[in-house]
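Trainee: Predicted model and sequence follow; I will ask about them next.
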Amino acid sequence: DDITVLEGLEPVRKRPGMYIGSTGPAGLHHLVYEVVDNSVDEALAGHCTRIRVLLETDGSVVVEDDGRGIPCGTHAKTG
């Protein structure tokens, strides 16, 4: 019940730059910041003790933590 389901996300898929500012390096940096921020929030809430950020040689970024993870159960509203 703590999860709000957003509907109508097709505009986000079609124009992600509107939501993250850019589809270039600045947008990537924004997304990485958000993911790391989520890990830090888990740590501050006492649900995470380790955060690992890897900058790969191919330009990709890996963020791992030992927090609760992304909820993946069935949502009551969407099934």
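Mentor: Done, it's in.
Trainee: per-residue confidence averaged over the lengthiest helix in the chain?
Mentor: In the chain, taking DSSP state H as the definition, the longest helix is helix 25-44. The pLDDT scores in helix 25-44 average 90.
Trainee: Same question for stretch 68-79.
Mentor: Here the average pLDDT along stretch 68-79 is 74.
Trainee: pull the CA atoms of it into CSV?
Mentor: What follows is stretch 68-79 as a C-alpha-only set of coordinates in CSV (Å, rounded to 0.1, in the frame of the first residue of the first chain):
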residue,chain,number,x,y,z
ARG,A,68,15.8,-4.3,0.8
GLY,A,69,15.8,-4.1,-3.0
ILE,A,70,13.1,-3.1,-5.4
PRO,A,71,9.6,-4.3,-4.5
CYS,A,72,8.6,-7.0,-7.0
GLY,A,73,5.5,-8.5,-5.6
THR,A,74,2.0,-8.2,-7.1
HIS,A,75,0.5,-4.8,-6.6
ALA,A,76,-3.1,-4.7,-5.4
LYS,A,77,-4.2,-2.1,-7.9
THR,A,78,-2.5,-3.4,-11.0
GLY,A,79,-2.5,-7.2,-10.4
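Trainee: just checking, next helix/strand downstream of the longest helix of the chain?
Mentor: strand 51-55 (DSSP states H and E).
Trainee: just the angle between that following strand and helix 25-44, please?
Mentor: Counting by axes from the mean of the first three to the mean of the last three C-alpha atoms, to 10 degrees, strand 51-55 points 160 degrees away from the direction of helix 25-44.
Trainee: what does strand 51-55 rub up against?
Mentor: 32, 36, 39-40, 43, 61-65 (C-beta atoms under 8 Å, 6 or more residues apart in numbering). C-beta here means a position set from N, CA and C on the backbone, and glycine is covered the same way.
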